[in-house]
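# only the shape, not the letters, is given here:
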């Protein structure tokens with residue numbers, strides 16, 4: 001079982017910055033795209049950490065490990081980062097599946113975009129060959145999912161796809177021309193023991209409630225204006 005998260009804080013650069021952490025009652029099997037503890041493996045905790053919009057560290061996994069150590073989170077775990085105030089986490093349950101989402105949609109993007117046009121021959125700065133980036137706040141949607149039965153490896157991967165599809169559906173229904181943001185992450189956890197359920201697609205026994213819960217959480221979290229934590233502090 002993945003326990004309800006607890007809210008904590010850490011001190012950095014003279015500021016108290018919020019953290020949201022989950023502990024597992026026993027080791028869980030996890031799959032995901034988090035910078036710390038991504039991939040597939042057994043995990044004991046999850047950490048979702050707010051960072052300032054000026055965040056520029058190039059070692060996010062090491063930084064998250066430091067935060068976890070400060071909270072006495074032992075063993076392997078999952079760590080995520082966001083500019084959103086994690087105290088604004090949205091919780092939804094459906095058919096035994098539990099979902100928590102922090103939703104920042106300041107930089108909505110389509111997953112697939114056209115390649116930039118080739119630049120004209122001649123000298124240019126290194127940045128000249130890079131595609132333009134929108135001058136908007138970075139947005140991140142972090143999704144943590146707990147399924148109460150063991151999922152097979154293929155079902156775990158499918159569950160990540162199902163969560164992502166449900167997120168994209170919610171964003172489209174919110175009126176944004178996008179499938180997500182450039183920095184979204186998702187983690188799906190389940191018991192490490194038991195007979196593995198073979199499917200995690202949106203019409204499967206566990207994928208269907210997962211999709212509904214993720215959709216509801218993202219749609220609710222994205223319905224209002226989400227101000228990045230550091231902007232709120234500055235204001």
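Arrived safely, thanks for sending. None of these values were measured; they are calculated from a predicted model.

# buried set for stretch 157-172?
158-160, 162-171 (16 or more other CB atoms under 10 Å). Quick note: C-beta positions are derived from backbone N, CA and C, even for glycine.

# which residues touch the residue sitting nearest the centre point of the chain?
For the chain, the residue nearest the mean C-alpha position is residue 142 (2.0 Å; CA atoms, centre = their mean). Listed by CB atoms under 8 Å, 6 or more residues apart in numbering, the contact set of residue 142 reads 48, 80, 82, 84, 101, 102, 184, 185, 186.

# find the nearest non-adjacent residue to the fifth one, please.
This points to residue 101. Among residues not flanking residue 101 along the chain, residue 217 sits closest, at 4.0 Å (CB to CB, 6 or more residues apart in numbering).

# rounded mean pLDDT for the helix or strand containing that neighbour, please.
Counting by DSSP states H and E, the element that carries residue 217 is helix 207-221. The pLDDT scores in helix 207-221 average 98.

# repeat for stretch 99-112
Stretch 99-112 comes out at a mean pLDDT of 95.

# pull out the buried residues from that stretch.
Neighbour-count burial for stretch 99-112 [16+ other CB under 10 Å]: 99, 100, 101, 102, 103, 104, 105, 106, 107, 108, 109.

# tell me how many other residues surround residue 225.
Residues within reach of residue 225, counting by other CB atoms under 10 Å, total 7.

# quick one, helices of this structure?
Ranges of helices within the chain are 60-70, 153-173, 207-221, 229-234, based on DSSP state H.

# closest one to residue 44 among those?
Of all the helices of the chain, helix 60-70 sits nearest to residue 44, with 9.9 Å by CB to CB.

# now for the closest one, which elements pack on it?
In terms of contacts (3 or more CB pairs under 8 Å, 6 or more residues apart in numbering; DSSP states H and E), helix 60-70 is packed against strand 39-50, strand 78-82.

# dump the ones you listed to a markdown table, plus mean neighbour count.
A markdown table is the format used below for those (neighbours: other CB atoms under 10 Å):
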| stretch | mean neighbour count |
| --- | --- |
| strand 39-50 | 21 |
| strand 78-82 | 27 |
